[in-house]
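*Asks:* Fold the following.
(2 chains)
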Number of protein chains: 2
Amino acid sequence: MSLGEVVLMGIIHPVSRPFYPVLSNDTTGVKSVPRGEIVMLTIDEERFQESFETYSAIGSTNNNGLHRLALTDEDKHVRDQFVADLESLGVDIRIDQIGNIFARRDGQNQDIAPILIGSHLDSQPYGGRYDGQLGVLTALETLRTLEDEGIETKRPIEIVNWTNEEGSRFQHAMLGSAVFIEKTDLSEALDLTDVEGNRLGDELTRIGYAGTDAVEPFDIHAYLELHIEQGPILEEHGNAIGVVDGVFGITWLRATIHGETDHAGPTPMHTRRDAMATAADAISEINRLPNRLSADAVSTVGELRVEPDSINVIPDVVEFTVDLRSYDDDVVAEAIERTEAEIVAACNRHGTTYELEEIWKTRHTEFSPRVRDAIADTAESLDVTYESIVSGAGHDATNVNQAFPAGMFFVPSVDGKTHNEAEYTAWGDCVTGANVYANAILALAGR
Amino acid sequence: MSLGEVVLMGIIHPVSRPFYPVLSNDTTGVKSVPRGEIVMLTIDEERFQESFETYSAIGSTNNNGLHRLALTDEDKHVRDQFVADLESLGVDIRIDQIGNIFARRDGQNQDIAPILIGSHLDSQPYGGRYDGQLGVLTALETLRTLEDEGIETKRPIEIVNWTNEEGSRFQHAMLGSAVFIEKTDLSEALDLTDVEGNRLGDELTRIGYAGTDAVEPFDIHAYLELHIEQGPILEEHGNAIGVVDGVFGITWLRATIHGETDHAGPTPMHTRRDAMATAADAISEINRLPNRLSADAVSTVGELRVEPDSINVIPDVVEFTVDLRSYDDDVVAEAIERTEAEIVAACNRHGTTYELEEIWKTRHTEFSPRVRDAIADTAESLDVTYESIVSGAGHDATNVNQAFPAGMFFVPSVDGKTHNEAEYTAWGDCVTGANVYANAILALAGR
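*Replies:* Okay, here's the model as predicted:
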């Protein structure tokens, strides 16, 4: 299929940015593919869509979303599908002790570092069909397309499905990749529990994905992850691809307010120590913090639990989470300080006390120029419009980038909706993204 | 045992109120017992305490409280104990279709209206050992003492354990008595569900307390309930007994805020429709409402539920309850209006919407002079200190009073703590209360 036909497959927007230099910092792999000199890869759109529908049916919700929390029966089911699809490709499958699924497609030279491709198959409690899944299926389609074309790349290519990226059920987002780069201890990860007290390690065993391979980093030449934008910028600017410069710094806090439980009737207001009233005051102020910090800062209280949770009882315990983000790590640090100051003020007002725990933190990330250039180069070659973008959300690529050259690119997300059943990316944009992805991987792995 | 010895059993405080006139509006029963003319009843303190310990062990928590939600296995267990104790007394036991347990001790005249005694055996999720249980055991001890003394009262005496007084598991407080006085429809009550979707009627059947008797009021000469105060006033004033004039008007609301779920990272603050930030603003203001309404008004947000309840997702649904009370029904009505106004203001601020449902309402109650006089009269006879008091909490007596002469008295509650495992009433105060109760019942039922 010629380049002209490839272009017709996706929704192509007018180029809105100046020419992006086709340069690569890749010194060990091949140089970027000069446009027009060789035939570009074209994915099998029909097969890609069929896989997308098959995977989307596993853990699907009534509203076209996904309910596929990490290590649930639904996660087992989708992992089984993924493993079956890899087996059909004849690749060598390995499962490590945190349940990450790897498979290797050999290259001409088995002794040089592979290209790593993939994303995650777990979802938010009521998430969409694109977050994570689209990245895994694009990587799978890339392997299938290479197989179709009988291309043996210079470098091996490893595909991966990372365990528990979302952190919704076991509260440590991007867990599988964190253990992989030895940022998080394996035994600590296996001991995480969900709200019902189920241990992550036991749940891995239960669904049959407690692998035997050691979780340890192997040398990686480049990791590339395709993801939906999860924000409104590409759609607003009319670009098909966002080359991700880097990711926000993120901190997660858990605040616990301790008051005194008492009867909602005969207890006068002035004698109360109300944990709920305290939490409400603090949350109102935490929501207002970004106004006073930076243009990009965001704060979110996503979880809240109250005890004893009875209509006619003054709560004595309220626990809530705070998610603070900015591309500037100093802004995040100040947001943490101000969050605590607001909790202190609310506790003083209501005669309550608090605990504040930092449950997770990641500094801002700048992705590898090698990978960013390969994406921009490929987009140029395919006449696909793109721009540079910063990600407000962490991804497994953020972790991998701490140890190896890594990068990401985004495809547009309608209305920027995500972590939401209404999450939607036009199918043409998915196909365009998959073609950019397959060709960028080929460029990185070398023909 | 003489009167002098009875007095020594409880903690007796100096009389802090002027003489209370020993008058009764009872026209069909006996007149009040002239002080000193006949020997007063004295309960068996040891047996009373033994029963208290036995019942307190059923559903007990590690902190000396009770976890005995309506129609759970623990509730079944305590009901079985109660039925066994009634059987030992040889009284005629009846269970009605809402699970209220009645038992009748015959009087000299079977054709005149009985005296009804009792309270409830269910508890808050983590409640104390006195709320409800002390009233049932005082009533049981009264029947036993009458039996010990071989006293046949003129009127029959009925003892009752009301179903689901707390309304913690099935959200309709004082349910059994509400169905009894035909304020609440039986089929509606049986169809109530708990948070896990269990139907009340099914749970009654499951624990073996779906009785066959019709739930319908029978003529009652007087209903008397002993309860702990659940507030600090008796302890502050040093009085042993609080004769309850009446009960606050109470309204329960359920507010649901609807926003839009989205990713906590890439979603700028100004594009959010955050249900949690809305709820926090509203709850802060609801907590401040009583300041501007009356000296006795109270407001409480006791329950809150968030969706999707994920640390990195902006919540799209937050549901919370509001409990509003005052002895003045107009104040409660204004509190409802202002609660809605604060929710509207918060929704306008955050671009969210709301639903507000009145889930339960009861107007303020004034108890029967017949019953109040019998209590005061008895306290005088026993030289027990007392005062008039208003109850911020609803009780089954509030319901019964809508159809028949009813009343209550309180014993002191240390620090006014209740609906709390730390709830505590000095044992001497329980015994004093039980002696007042037994003699007041004898006065109402007639020798």
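*Asks:* What parts of the stretch 51-200 of chain A come near chain B?
*Replies:* Proximity of the stretch 51-200 of chain A to chain B (Cβ under 8 Å from any Cβ of the partner chain) is limited to residues A:124, A:125, A:126, A:166, A:167, A:168, A:171, A:173. The way it works is simple: take the backbone N, C-alpha and C, and place the C-beta from them, glycine included.
*Asks:* Among these, which one sits closest to residue B:102?
*Replies:* Comparing these against residue B:102 with Cβ to Cβ places residue A:125 closest, at 46.4 Å.
*Asks:* Quick one: classify that closest one as helix, strand or coil.
*Replies:* coil (DSSP: H, G, I helix; E, B strand; the rest coil).
*Asks:* Not counting its neighbours along the chain, what's nearest it?
*Replies:* Once flanking residues are discounted, residue A:125 sits nearest to residue B:308: 4.4 Å by Cβ to Cβ, 6 or more residues apart in numbering or on different chains.
*Asks:* cool, and residue A:316?
*Replies:* Nearest residue to residue A:316 in three dimensions, chain neighbours excluded: residue A:261, at 3.7 Å (Cβ to Cβ, 6+ apart).
*Asks:* Would you map the helices across the stretch 301-447 of chain A?
*Replies:* Along the stretch 301-447 of chain A, the stretches classed as helices by DSSP state H, counting those that start in this stretch are A:329-350, A:369-381, A:396-400, A:427-445.
*Asks:* Next, the contact list for the residue nearest to residue A:125, please.
*Replies:* Going by Cβ atoms under 8 Å, 6 or more residues apart in numbering or on different chains, residue B:308 touches A:124, A:125, A:126, A:419, B:261, B:315, B:316.
*Asks:* Go ahead and confirm the third one touches residue A:67.
*Replies:* By that I understand residue A:126. Yes - with contacts counted by Cβ atoms under 8 Å, residue A:126 reaches residue A:67, the gap being 6.0 Å.
*Asks:* Need the overlap of contacts for those two.
*Replies:* Joint contacts of residue A:126 and residue A:67 (Cβ under 8 Å, 6+ apart) are residue A:61.
*Asks:* So between the two, which is more surrounded?
*Replies:* Taking other Cβ atoms under 10 Å in any protein chain shown, residue A:126 and residue A:67 do not tie; residue A:126 has more neighbours (21 against 18).
*Asks:* Please, which helix or strand holds the closest residue in space to residue A:163 that isn't next to it in sequence?
*Replies:* Using Cβ to Cβ, 6+ apart and skipping the chain neighbours, the partner closest in space to residue A:163 is residue A:176 (3.4 Å). Secondary structure assignment for residue A:176, by DSSP states H and E: helix A:175-180.
*Asks:* May I have the residues that are in contact with whichever residue of the stretch 1-150 of chain A sits closest to chain B?
*Replies:* Of all residues in the stretch 1-150 of chain A, residue A:125 sits closest to chain B, at 4.4 Å by Cβ to the nearest Cβ. Taking Cβ under 8 Å, 6+ apart, we find residue A:125 in contact with A:67, A:69, A:168, B:308, B:309, B:310, B:313.
*Asks:* got it, and residue A:243?
*Replies:* Here residue A:243 is in contact with A:20, A:372, A:375, A:376, A:379, A:386, A:387, A:388, A:389, A:407, A:409 (Cβ under 8 Å, 6+ apart).
*Asks:* one more time with 6 Å, if that's ok
*Replies:* Contacts for residue A:243 were tallied using Cβ atoms under 6 Å, 6 or more residues apart in numbering or on different chains; they are A:372, A:375, A:376, A:386, A:388, A:409.
*Asks:* Please pick the buried ones from these.
*Replies:* Buried residues within those, defined by neighbour count using 16 or more other Cβ atoms under 10 Å in any protein chain shown: A:372, A:375, A:376, A:386, A:409.
*Asks:* In TSV: those residues, plus distance to chain B and pLDDT.
*Replies:* Below are the buried ones among the contacts of residue A:243 laid out as TSV (distance: Cβ to the nearest Cβ, whole Å; pLDDT from 0 to 100):
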residue	distance to chain B	pLDDT
A:372	18	98
A:375	19	98
A:376	21	97
A:386	17	98
A:409	14	98
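*Asks:* Look up the closest residue to residue A:52, ignoring the ones flanking it.
*Replies:* Of all residues not flanking residue A:52 in the chain, residue A:137 sits nearest, at 5.8 Å (Cβ to Cβ, 6+ apart).
*Asks:* Name the SS class of the one you found, please.
*Replies:* Counting by three-state DSSP, the backbone at residue A:137 sits in helix.
*Asks:* count of neighbours near it?
*Replies:* Residue A:137: 26 surrounding residues under other Cβ under 10 Å.
*Asks:* surely it meets residue A:53?
*Replies:* No - the pair residue A:137 / residue A:53 is not scored as a contact, 10.3 Å apart, by Cβ atoms under 6 Å.
*Asks:* Residue A:362 against residue A:251, yeah?
*Replies:* No - here residue A:362 does not reach residue A:251: they are 7.9 Å apart, not a contact under Cβ under 6 Å.
*Asks:* What segments of the stretch 251-400 of chain A are strands?
*Replies:* Here the stretch 251-400 of chain A has its strands, by DSSP state E, counting those that start in this stretch, at A:262-263, A:298-300, A:304-307, A:313-314, A:317-326, A:353-362, A:365-366, A:386-391.
*Asks:* strand partners of the third one, parallel vs antiparallel please.
*Replies:* Looking back up the chat, that one is strand A:304-307. Note on strand A:304-307: by DSSP bridges, its sheet partners are strand A:317-326 (antiparallel).
*Asks:* what are the phi and psi angles of residue A:132?
*Replies:* For residue A:132, the backbone dihedrals (degrees, to the nearest 10) come out as phi 90, psi -60.
*Asks:* I should have written residue A:123 there, sorry.
*Replies:* Dihedral angles for residue A:123 - degrees, to the nearest 10 - are phi -130, psi 170.
*Asks:* need the contact list for it.
*Replies:* Per Cβ under 6 Å, 6+ apart, neighbours of residue A:123: A:66, A:68.
*Asks:* ok, it to residue B:316 distance?
*Replies:* According to Cβ to Cβ, to the nearest Å, residue A:123 stands 16 Å off from residue B:316.
*Asks:* now do residue A:149
*Replies:* Separation of residue A:149 from residue B:316 (Cβ to Cβ): 45 Å.
*Asks:* Who has more neighbours out of the two?
*Replies:* It is residue B:316, of residue A:149 and residue B:316, that has more neighbours when counted by other Cβ under 10 Å, with 21 against 13.
*Asks:* What's the local residue count around the closest residue to residue A:441 other than its chain neighbours?
*Replies:* Nearest residue to residue A:441, sequence neighbours excluded (Cβ to Cβ, 6+ apart): residue A:142, at 5.3 Å. When neighbours are defined as other Cβ under 10 Å, residue A:142 has 30 of them.
*Asks:* Show the backbone phi and psi for residue A:142.
*Replies:* Dihedral pair for residue A:142: phi -60, psi -50, per degrees, to the nearest 10.
*Asks:* What segments of the stretch 1-150 of chain A are helices?
*Replies:* Using DSSP H, counting those that start in this stretch, helices in the stretch 1-150 of chain A cover A:3-9, A:45-56, A:73-88, A:133-149.
*Asks:* Out of those, flag the one nearest residue B:185.
*Replies:* Checked against Cβ to Cβ, the stretch from the helices of the stretch 1-150 of chain A lying closest is helix A:73-88, at 40.6 Å.
*Asks:* Figure out how far that closest one is from the centre of its chain.
*Replies:* 19 Å (Cα atoms, centre = their mean, to the nearest Å).
*Asks:* Show me what counts as buried in it.
*Replies:* For helix A:73-88, the neighbour count (16+ other Cβ under 10 Å) marks A:74, A:75, A:76, A:77, A:78, A:79, A:81, A:82, A:83, A:85, A:86 as buried.
*Asks:* Good, wrapping up.
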